[in-house]
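Engineer: Here is the input, now give the coordinates:
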Amino acid sequence: MDLAQFDYDLPPSAIAQEPVTPRDASRLLVLDRARGAWDDRRFAELPELLRAGDCLVVNESRVIPARLLGAREDDGRPVELLLVREIAPARWEALARPSRRCRRGARITLGGGAACATVMAEGEHGLRVVAFEAHRDVRELLARHGLPPLPPYIARHAAPTPEDRERYQTVYARADGSVAAPTAGLHFTTELLAAIRARGATVHALTLHVGPGTFRPVTSATVEAHRMDGEAVEIPPTTAAAVNAARGAGRRVIAVGTTTTRALEWASATGQVVSGAGCADLFIHPPYAFRAVDALVTNFHLPRSTLLMLVSALAGRELVLAAYRHAVAAGYRFYSYGDAMLIV
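Structural biologist: Numbers count the residues shown, from 1 in each chain. Alright, predicted model coming up:
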């Protein structure tokens, strides 16, 4: 498949720069695969759209304040590190920006001089291995000086507000590890979750720590040639059992977010969701036969992105792009802080 098959026109004014208040005040485009049509709703109406026995699964990964601003020690030129993964005590994989200023051996002061890191190795896509002073508690450094890793299409990317620390995080986030929010979950409130349970649906959790590979552009000549980076995932036994029981009884499994979808589909290679931990590198694109997920709550995704390809695999590329064209014309807000879609 050619990348151009997953393109669409989006005016910059449609990209949400701020979250709505309250969280569930966002709009909800309900896309019905059977009817090949959609309805305009509000996210607060989600409980009304669910059935008793529906099994919702959420990703409870917590976003870490992974962005550190700094400067090269030798010439003071500004650099930024996005810490991606701890690989050893005081040693992390990080995305460096601009990468040309962070060659191997470069020393970078961070947090206004609170810490110093040395670039130990260089990788692709701006990825670096950086070593902090042996005594340095890097997580404490992030807590004091790290910034929320807002995506670059938010124009105030360089200056997140205090509100972003709370709003770029789901209300059910538990396990630290993501460098980007599982954004479909940003619309949920504790009251909305209570209403969903009162409706007779169940809510279960898993963890998939979102890494930068989820958002890396597809640069291969064809869609099929693209390879996804692995991301740490953990499926609790209770969640696996709930999903398998729902599927066996013909009840719907509704994934909240593409990250939850990939985790469940990765864990169901045998036809049943298997609990445990691992590294999910499944790339879902058309055509794909879903084994675990029946319906999906998701945001609107970038053109040519692997996330748009996953959504197209579930609902059909032409129907999804037609719904996107409607969303643009109807003034929906796009991307991380934007509105949502429910695919049934």
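Engineer: and Thr170, what element?
Structural biologist: Using DSSP states H and E, Thr170 sits in no helix or strand.
Engineer: The host helix or strand of Leu310 - contacts with which helices or strands?
Structural biologist: Secondary structure from DSSP H and E places Leu310 in helix 306-315. Judged by 3 or more CB pairs under 8 Å, 6 or more residues apart in numbering; DSSP states H and E, helix 306-315 is in contact with helix 258-266, strand 295-299, helix 317-329, strand 340-343. All C-beta atoms are positioned from the backbone trio N, CA, C, and that covers glycine.
Engineer: swap the cut-off to 10 Å and go again
Structural biologist: The contact analysis (3 or more CB pairs under 10 Å, 6 or more residues apart in numbering; DSSP states H and E) places helix 306-315 against strand 27-32, helix 258-266, strand 295-299, helix 317-329, strand 340-343.
Engineer: now the longest one against helix 306-315, angle please.
Structural biologist: What it means is helix 317-329. When axes from the mean of the first three to the mean of the last three CA atoms, to 10 degrees is applied, the directions of helix 317-329 and helix 306-315 differ by 120 degrees.
Engineer: Pull the distance from helix 317-329 to the chain's centre.
Structural biologist: The chain centre lies 21 Å from the centre of helix 317-329; the measure is CA atoms, centre = their mean, to the nearest Å.
Engineer: sorry, back to before: for the helix holding Leu310, C-alpha coordinates in CSV please.
Structural biologist: Extracted in CSV, the C-alpha atoms of helix 306-315 (Å, rounded to 0.1, in the frame of the first residue of the first chain):
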residue,chain,number,x,y,z
THR,A,306,0.7,4.3,11.8
LEU,A,307,-2.1,5.2,14.2
LEU,A,308,-4.4,6.2,11.3
MET,A,309,-3.5,2.9,9.6
LEU,A,310,-4.6,1.0,12.7
VAL,A,311,-7.9,2.8,12.8
SER,A,312,-8.3,2.2,9.0
ALA,A,313,-7.7,-1.5,9.6
LEU,A,314,-10.6,-1.6,12.0
ALA,A,315,-13.2,0.5,10.2
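Engineer: what angle separates it from strand 27-32?
Structural biologist: Going by the same axes, to 10 degrees, helix 306-315 makes 40 degrees with strand 27-32.
Engineer: from the chain's centre, how far out does helix 306-315 sit?
Structural biologist: In terms of CA atoms, centre = their mean, the centre of helix 306-315 is set 14 Å apart from its chain centre.
Engineer: Next: stretch 323-332.
Structural biologist: The chain centroid and the centroid of stretch 323-332 are separated by 22 Å, computed with CA atoms, centre = their mean.
Engineer: My guess is Leu193 contacts Glu60. True?
Structural biologist: No: in this structure Leu193 lies outside contact range of Glu60 using CB atoms under 10 Å: 12.0 Å.
Engineer: Overlap in contacts, these two.
Structural biologist: Taking CB atoms under 10 Å, 6 or more residues apart in numbering as the criterion, Leu193 and Glu60 both touch Tyr172.
Engineer: any idea how far the residue nearest to Ser61 when sequence neighbours are not counted lies from Thr190?
Structural biologist: In space, and not counting its chain neighbours, Ser61 is closest to Ser178: 4.4 Å by CB to CB, 6 or more residues apart in numbering. Distance of Ser178 to Thr190, computed by CB to CB, to the nearest Å: 20 Å.
Engineer: Looking at those two, which one has more neighbours?
Structural biologist: Ser178 (26 against 10; other CB atoms under 10 Å).
Engineer: so where do the helices sit in the protein?
Structural biologist: 138-145, 162-167, 190-198, 237-248, 258-266, 306-315, 317-329 (DSSP state H).
Engineer: ok, the closest residue to Pro89 other than its chain neighbours - contacts?
Structural biologist: Leaving aside its chain neighbours, Pro89 sits nearest to Ala134 (7.7 Å; criterion: CB to CB, 6+ apart). By CB under 10 Å, 6+ apart, the contact set of Ala134 is Pro89, Ala90, Arg91.
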